[in-house]
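Peer 1: here are the coordinates; sequence isn't available:
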């Protein structure tokens, strides 16, 4: 019996079959003999942060070279022409057990390659693969630890890579939680100082009276309770590398003058000392404050501002990177599942809800939320697990989003009715009676719309 006959007998068309495959928790890839991807199901979104249209038509080697999975399995399959199963790690941090089956023609040549991948659930016995060289790390993730599908952020990273080649000071602007420190490290790792230290001091987290000694160090007996042998400061420790001054807008004015001297002369004097020390460092600063306004109000030195702002880069808030929210969610979900030895999943409706939230705390807020949800939720994280503020704002955003067409409006109404009925009745028989439809149809709608809803 052919596939078309089977579909006819089951009253299914190809569109329905594709929809069924999209509900598979396992990833399904199909490649042609040229290693081009001709089919992939929706699991690619949670494993790689890519939509189907971003994958179909691409070469598998192109995606592997960009670090979406590691190691690549297809060259071995083409050479051996027999099924292979290996463990892979994806760009979002998922651990997969991947099986590849080559389909051969009568001449024993590979016609198709069918790949299935299942997430490994035994996180207690898994360890994330250690990268033993910078080359392999760059091959896995071309943007280091910054993942994005947003074109503006991709262009920003390309610009940052150009800036990294120089040794000029750099000012990174952006709201709290947007990843300014990660970008600073990215610049360091792509510059000539990559083999030197990368040290950070948070100017907002250290009391003003301690910040000077942390930065410049001190000589023995410089002040009461000082270490008898003195202390090397961060400036000296960063020699040959990069010093990242986070939240530079919170640095006290007297200390701003001393940092300006370091930038201009590459020299400093430790507290209590009388001899200058030379230091070869690159300084990167970051702030979420408007330094222009601070200069006008005399709370930030104008000369230091211009010295820092040789080149500036502004990080985008998460609300302007909506296409990155779901990949980041899965990245954090995999991360905290491993850390807390959990196997939590997340429902599609919850994902949709989170993409409509404005994220005032940006990526840091999202990361903290996912960790909390992994700890406190049931097996599947759903809308009901969300904090009240996020739930309410998501509800307002979704309700204010007009359907693009009549068919979309009907689909949304149908979905809401089925979910509401299922929450109330918990069985396909009762849902069928409530909505006045057949039980078979009710069961199919429940499978389609109610994944992740609690049945207790």
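Peer 2: Happy to help now that I have it. The structure displayed is predicted, hence computed values, not measured ones.
Peer 1: can you get me a residue count around the residue lying closest to residue 150 once chain neighbours are set aside?
Peer 2: Closest residue in space to residue 150, ignoring its immediate chain neighbours: residue 321 at 4.5 Å, by CB to CB, 6 or more residues apart in numbering. The C-beta positions use only the backbone N, C-alpha and C, and glycine is treated the same way. Residue neighbour count, defined by other CB atoms under 10 Å, stands at 21 for residue 321.
Peer 1: OK, contacts around residue 321?
Peer 2: The contact partners of residue 321, taken as CB atoms under 8 Å, 6 or more residues apart in numbering, are 148, 150, 152, 153.
Peer 1: can you select the buried ones among those for me in PyMOL?
Peer 2: Those of the contacts of residue 321 that count as buried under 16 or more other CB atoms under 10 Å are selected in PyMOL with:
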select buried, resi 148+153
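Peer 1: just give me the closest of the contacts of residue 321 to residue 215.
Peer 2: For residue 215, the closest of the contacts of residue 321 turns out to be residue 153, at 31.4 Å, with distances computed as CB to CB.
Peer 1: just to be sure, the closest one is in a helix?
Peer 2: Yes: when DSSP: H, G, I helix; E, B strand; the rest coil is applied, residue 153 is found to be in a helix.
Peer 1: which residues touch it?
Peer 2: In this structure, residue 153 makes contact with 146, 316, 321, 324, judged by CB under 8 Å, 6+ apart.
Peer 1: any stretches of the stretch 301-450 of the chain with poor pLDDT?
Peer 2: Counting by pLDDT under 70, the ranges of the stretch 301-450 of the chain that qualify are 395, 397-404.
Peer 1: which helix or which strand is home to the residue most central in space within the chain?
Peer 2: For the chain, the residue lying nearest the average C-alpha position, counting by CA atoms, centre = their mean, turns out to be residue 328 (3.3 Å). Secondary structure from DSSP states H and E places residue 328 in helix 325-339.
Peer 1: can you list the residues that contact that helix?
Peer 2: Judged by CB under 8 Å, 6+ apart, the contacts made with helix 325-339 from elsewhere in the structure are 45-49, 92-95, 123, 126, 128, 147, 149, 318, 342-344, 346, 351, 354-355, 359, 363, 366-367, 370-371, 374-375.
Peer 1: now, these that are in strands?
Peer 2: Using DSSP state E, the subset of those located in strands is 95, 346.
Peer 1: just the buried residues of the contacts of helix 325-339.
Peer 2: 45-49, 92-95, 123, 147, 149, 318, 344, 346, 351, 354-355, 359, 363, 366-367, 370-371, 374.
Peer 1: need the helices for the stretch 1-150 of the chain, in chain order.
Peer 2: 3-9, 14-22, 43-48, 52-55, 60-65, 74-80, 134-140 (DSSP state H, counting those that start in this stretch).
Peer 1: which of these has the lowest mean pLDDT?
Peer 2: Taking the average pLDDT of each of the helices of the stretch 1-150 of the chain, the minimum falls on helix 134-140, with a mean of 38.
Peer 1: and the residue of the chain most remote from its centre, what pLDDT?
Peer 2: Farthest-out residue of the chain from its mean C-alpha position, per CA atoms, centre = their mean: residue 274, at 47.7 Å. We note a pLDDT of 85 for residue 274 in this prediction.
Peer 1: wait, is it part of a strand?
Peer 2: No: following the definition three-state DSSP, residue 274 is coil and is not counted among the residues of a strand.
Peer 1: any figure for the gap between it and residue 268?
Peer 2: Note on residue 274: its distance to residue 268, by CB to CB, to the nearest Å, is 12 Å.
Peer 1: likewise for residue 288?
Peer 2: In this structure, residue 288 and residue 268 are separated by 27 Å, where distance is defined by CB to CB.
Peer 1: same question, residue 189
Peer 2: Following CB to CB, the distance that separates residue 189 from residue 268 is 26 Å.
Peer 1: the stretch 101-250 of the chain: strands as residue ranges?
Peer 2: In the stretch 101-250 of the chain, the segments counted as strands under DSSP state E, counting those that start in this stretch are 110-119, 170-173, 198-202, 217-218, 231-232, 242-246.
Peer 1: tell me which of those strands lies nearest to residue 394.
Peer 2: Each of the strands of the stretch 101-250 of the chain has some distance to residue 394 by CB to CB; the shortest is strand 110-119, at 26.2 Å.
Peer 1: and the closest one, what does it pack onto?
Peer 2: Secondary structure elements in contact with strand 110-119, counted by 3 or more CB pairs under 8 Å, 6 or more residues apart in numbering; DSSP states H and E, are strand 27-32, helix 43-48, helix 74-80, strand 95-104.
Peer 1: include distance to residue 247 when you put the ones you listed into TSV, please.
Peer 2: TSV is the format used below for the helices and strands packed on strand 110-119 (distance: least, CB to CB, whole Å):
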stretch	distance to residue 247
strand 27-32	41
helix 43-48	34
helix 74-80	46
strand 95-104	36
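Peer 1: for residue 284, find the nearest of those.
Peer 2: Taking CB to CB, helix 43-48 is the member of those nearest to residue 284, at 30.4 Å.
Peer 1: from the contact counts, what lies against that closest one?
Peer 2: Packed next to helix 43-48, using 3+ CB pairs under 8 Å, 6+ apart, are strand 27-32, helix 52-55, strand 110-119, helix 325-339.
Peer 1: what residues does that helix touch?
Peer 2: Everything outside helix 43-48 that qualifies as a contact, by CB under 8 Å, 6+ apart, is 24-29, 50-52, 55, 63, 68-69, 90-92, 94, 96, 117, 119, 326-327, 330.
Peer 1: swap in 7 Å and give it another go.
Peer 2: Residues from elsewhere that reach helix 43-48, judged by CB atoms under 7 Å, 6 or more residues apart in numbering: 24-27, 50-52, 55, 68, 90-92, 94, 96, 326, 330.
Peer 1: of these, closest to residue 408?
Peer 2: Compare each of the contacts of helix 43-48 with residue 408 using CB to CB and the shortest gap goes to residue 51, at 17.8 Å.
Peer 1: excluding sequence neighbours, find me the nearest residue to the closest one.
Peer 2: Looking at residue 51 with CB to CB, 6+ apart, the closest residue is residue 45, at 6.2 Å.
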